[in-house]
Each structure stands twice: as structure tokens, then as C-alpha cells.
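In: Pasting a predicted model and its sequence here:
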Amino acid sequence: MYERAAHAGCIATGLLVFIGFWATAGQYNAEYLETSSYTVQQGLLAKYDTLVETFVQVWLGLLGIMVAMWVYQRMFLFEGLKKQWDTGLTEAEEQWDRDLWADDEHTRGQRANKCRLLDVIEEGYLEIVKPLEPYVATYIIFGVPAILMATSWCGGHSEAATPTVNCQHLCEMVLALRTLVTVGVYFSDAASREQLCDVRKLRLRVWHRMRPSAGAGPDRARHARVTYIKEDEVRIIPSREVSTEDHVETNIDISYAEAGV
Amino acid sequence: MCHLVLFFSSFFLFQICLFAEVFDCPYQALICDDTPACRSCLAAKPTADHALIHYTPNCKLPLRALTRGCTAAKGYAGYIKYLSCPDSVAINNRVVIATSVFGVIGLIAALSAAAVIYGYRKDTRSLRERILFGIMFGNAIYSLTNTIPVGYESTAPESCGNSLMASSEGAIRGMWFWGKYTMVPYELFIIAASIVTLKTGSINVPWKFFFDFF
């Protein structure tokens, strides 16, 4: 539930920004088309430029917060943890004999708990932090053209009346590559790449998940499963932790897991 | 004469002046030369047989009276001459087209990544994949916006630099911000999740996520 709220917040932020910008720019555009005064038109164009600049600067502010948090996470939190892991290992080696002879349950229990916690954190690090780091790095690298775009120098080299190569267009072109780099990072994982390359299987999987009839009734569900197995020749293995209604789907999942997905 | 009319600014005489404008194309050029905004659009001082114009999008309104006058007046068809559009506009158009192509490729790529996450139900198993799904969504919107060549400009001498999609600029720029402002909270989400993981070892979003974070 809390995670859904976080996702909803992320998407709503973008949507609200879109509505806010569109409404304001639309108002300026209507005024621009209505007026026949050159001065008023130029004033409205300046207002529009200020609007774009403000939105870019707020975005840069958020980027700055993100970078500051990343520095805290990487330089302080992670470095501290690394020290703790190293210390924990050294302590465990040094005190192994002493613990055996001392037979102090409390000390051993404490040490075991600490080790367990560090293990859990390490697992979390490997599951969440480490795989997501390249995405953060990508974002930070592509922050450079975004910052350049927000400078007055770039603004001066982007005016329609100036016969120069448009700086903002160049920055936008570079920023358009960010999606490709982000997706490239995702598919740098061999397993994900294989999943993408097997287009037929991917298409079927997406189709099965999207299809509203999946799991709607036993007959249709069974039909879906049989069709699927026939097409892909994937062996079904017994499911685990399955409720009756999502039995078919879980079978399909596990069968894919079995197929080396 | 029209200068004098304007100087006296009598309503009746002003009407006559407007009437005269239709016939007197070179006169409009002289009026243009008298107005700073319009003068900046003239490449040289207007003469009796031509007015050389260096068109930029800012000239659209100041030149309106001159172009109307010269279009309506008989015998002045070739009076207005335009300088050719600078190469920079054509270069800008190439950059815009390149952005558009990257946008198409990026959109396909982002949707492919989202399809892999969705099709293989990775999102049901891992917070990381759910965040990545959101990032791909933001990237898809961003790339979709990039596919539209909103910055494409006319290279014709008489409309050089005029945006061909000026009216939809607001909506498209808004979508561009939509993509950007969807991605940046997701990036913050990544960092926040990373901090909570490093502090507690949690690989999901617990109810005390924000307390753990601080």
C-alpha cells in the first residue's frame, strides 16, 4: 500500500506538472493569438520563456536533491557499512576461539544477531542498491546537458531571431539519448536480454497477463493453459503457495522459471 | 504625405492614410523603416523598386502591414525581396529530426523493457523491477514527446525560422516536462529505497519507510 502510494506520487507529480504547464502555456498562446500588439506579443513570449525556465529550474532543484542524497548514500552510508562488514569479518575471525572457550551465550547471541543484520543488509544491497546504481549514474551524467540547457548562455543561443545553431535543440537531442542509455543499462543483464530476444515467448507472456479472461473461469483458464503449453512445450511443475483463483497463472510462472527464464 | 497624416492623427485623415496604404507599397516600406521593430527586419534601406527583408519569426507581426500592402497593390508583386534562410535553420532542423529519430528508438526500447518486466511478472517479485517499470514509463512518455519534431522550422525565405507546430508547442513541452518530472521522483524513490535498504536491510517499502529514511 505504501509502495503504491509512492508510485502514484511519482506519476501524479509528472501529470500535475503537465496539466499546470499546459494550462498556463495555453492561456499565453490564446492571448498571443488574440492581440495585434507587437509589444504585448513580445511580452507574452518572454513570459512563456520564463515559465519554461522556472519548470527547468525546479526540475534541476529536484535533481540537486537527488544528487545530494546519492552522495550521502554512497559516500557516508555505504562506506560506513563497508567498514562494519570488514570489522565484523575481522572480529569473527579474531574472536572465534575466545567465544568457543568463553561459552558466553549472551555475547555470542549478540554477535550472531549483528552478523545476521549485516547479512540482511548485504542482501538488500545486492538486491536493490547495487543494480540500481547505474540508473542513478545515467541520470546524473545526463543532468549535465539539462543544466546547460537552463543557462542564460544557452538561452541566448536558442532565440529564433539568432542565426546560430540552437543550443536547446542540441541539448534536447543529447537528452533524447538518455532513454536509450537507461534501457541499455537494463538490457546489459544477459537474462533480460534473452527474455527480450525471445519475442514469441515475450509476446505470449504479455498477452496472457493482459488478457482479462485469465483466471476468470475454470474452463477458459484451463483452455488458456493447454494452448499455452502446446505452443511453447514448457513442462508444468507443481505450484507453490497458490490460491485457487491464480492457480493457472502461477503454474505458468513456475514453468517459465523451469525453462531457465 | 502619410507621415504628416499620422503626425496630425486626425481620425478622418487616418482613414485616408489606410486607404492610401493599399496602393502605396513603397510607402509602407518607409513606414516600416521608421518603426524600430520593423526596421530590424529590413536588410537594407527600402528603395523605390524593392525592399530587402531579412525574415525572422519576430518579424511576423511588424511586417504584416507591409506584406498586406504590397500584396494588394497592383504592380508591386516583386517589390518585397527576402534574403535566403541561414544554414543554421537547416542544421537545427537536422538536429530536431535526429531528436525525433532517437525518440522513436527510445520509445520502442522503453516499451520493450517495460514489456519484459510486465510479461515476465518481474514487478510482482521485486521492488527494484517495480521502480524500473516506473522509470521505463517516464522514459516512454519522454521519448514519445521527442518523437514529435516540435522545433522544426520553415526554411522558406519569407517564413524563415517560423515554427511549423507553434500552436502545439505548449502541449508538447508540457509532455516533455511530464516525462522529466515522472523520472526525477522515481530517481528520488531509488535513492530513498537504497538508503532504507542500507539502514535496515529491507527490500520493500515498510510502513515506517519515511521514518527509516530519516
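Out: It's in.

In: only C-alpha atoms for contact and neighbour calcs from this point on.
Out: OK.

In: quick one: what helix or strand has the closest residue to chain B within chain A in it?
Out: Nearest to chain B, among the residues of chain A, is residue A:121, at 3.8 Å (C-alpha to the nearest C-alpha). In the assignment (DSSP states H and E), residue A:121 maps to helix A:105-124.

In: could you say what helices and strands that helix packs with?
Out: Contacts defined by 3 or more C-alpha pairs under 8 Å, 6 or more residues apart in numbering or on different chains; DSSP states H and E place helix A:105-124 against helix A:79-102, helix B:169-200.

In: nearest to residue A:195, of those helices?
Out: helix B:169-200 (24.0 Å; C-alpha to C-alpha).

In: Could you check that closest one against chain A for contacts?
Out: Yes. On the criterion C-alpha under 8 Å from any C-alpha of the partner chain, helix B:169-200 is in touch with chain A at B:170-171, B:173-175, B:177-191, B:193-195, B:197-200.

In: and that helix, average pLDDT?
Out: Averaging pLDDT along helix B:169-200 yields 86.

In: Can you verify residue B:52 is assigned to a strand?
Out: Yes. Under DSSP: H, G, I helix; E, B strand; the rest coil, residue B:52 sits within a strand.

In: can you tell me which residues contact it?
Out: Residue B:52 sits next to B:42, B:43, B:44, B:45, B:46, B:80, B:81, B:82, B:83 when contact means C-alpha atoms under 8 Å, 6 or more residues apart in numbering or on different chains.

In: can you check residue B:26 too?
Out: So residue B:26 contacts B:46, B:47, B:48, B:49, B:50, B:51, B:70, B:79 (C-alpha under 8 Å, 6+ apart).

In: Please repeat the previous calculation with a cut-off of 10 Å.
Out: Shown in contact with residue B:26 (C-alpha atoms under 10 Å, 6 or more residues apart in numbering or on different chains): B:32, B:46-51, B:66, B:69-70, B:73, B:76, B:79-80.

In: From chain A, how far off is it?
Out: 22 Å (C-alpha to the nearest C-alpha, to the nearest Å).

In: nearest to chain A, of the contacts of residue B:26?
Out: residue B:32 (13.2 Å).

In: what's the burial count for the closest one?
Out: 23 (other C-alpha atoms under 10 Å in any protein chain shown).

In: ok, so what distance separates it from residue B:62?
Out: 8 Å (C-alpha to C-alpha, to the nearest Å).

In: overlap in contacts of the two?
Out: B:38, B:39, B:40, B:41.

In: ok so, going back, from the contacts of residue B:52, list the buried ones, please.
Out: B:42, B:46, B:80, B:81, B:82 (16 or more other C-alpha atoms under 10 Å in any protein chain shown).

In: The residue in chain B that chain A sits nearest to: what's it in contact with?
Out: Nearest residue of chain B to chain A, counting by C-alpha to the nearest C-alpha: residue B:201, 3.8 Å away. For residue B:201, the contacting residues are A:117-125, A:127-128, B:194-195, by C-alpha under 10 Å, 6+ apart.

In: Among those, the buried ones, what's the PyMOL command?
Out: Applied in PyMOL, the following selects the buried portion of the contacts of residue B:201 according to 16+ other C-alpha under 10 Å:
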select buried, (chain A and resi 118+120+121+122+123+124+125+127+128) or (chain B and resi 194+195)
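
In: Contacts only, for the residue nearest to residue A:149 when sequence neighbours are not counted.
Out: Among residues not flanking residue A:149 along the chain, residue A:168 sits closest, at 5.6 Å (C-alpha to C-alpha, 6 or more residues apart in numbering or on different chains). By C-alpha under 10 Å, 6+ apart, the contact list for residue A:168 reads A:145-146, A:148-151, A:154-159, A:174, B:92, B:151.

In: next structured bit after the strand or helix carrying residue A:168?
Out: Take DSSP H and E as the rule and residue A:168 turns out to sit in helix A:167-186. For helix A:167-186, the following helix or strand on the C-terminal side (DSSP H and E) is helix A:190-197.

In: next helix or strand past that next one?
Out: Criterion used, DSSP H and E; the element after helix A:190-197 is helix A:199-210.

In: for that next one, which positions count as buried?
Out: Result for helix A:199-210 [16+ other C-alpha under 10 Å]: buried residues A:201, A:202, A:205, A:206, A:208, A:209.

In: so where is chain A shaky, pLDDT-wise?
Out: A:1, A:88-104, A:107-108, A:160-163, A:212-261 (pLDDT under 70).

In: Help me see whether stretch B:82-96 makes contact with chain A, please.
Out: Yes. Using C-alpha under 10 Å from any C-alpha of the partner chain, a contact is recorded between stretch B:82-96 and chain A, made by B:85, B:86, B:87, B:88, B:89, B:90, B:91, B:92, B:93, B:94, B:95, B:96.
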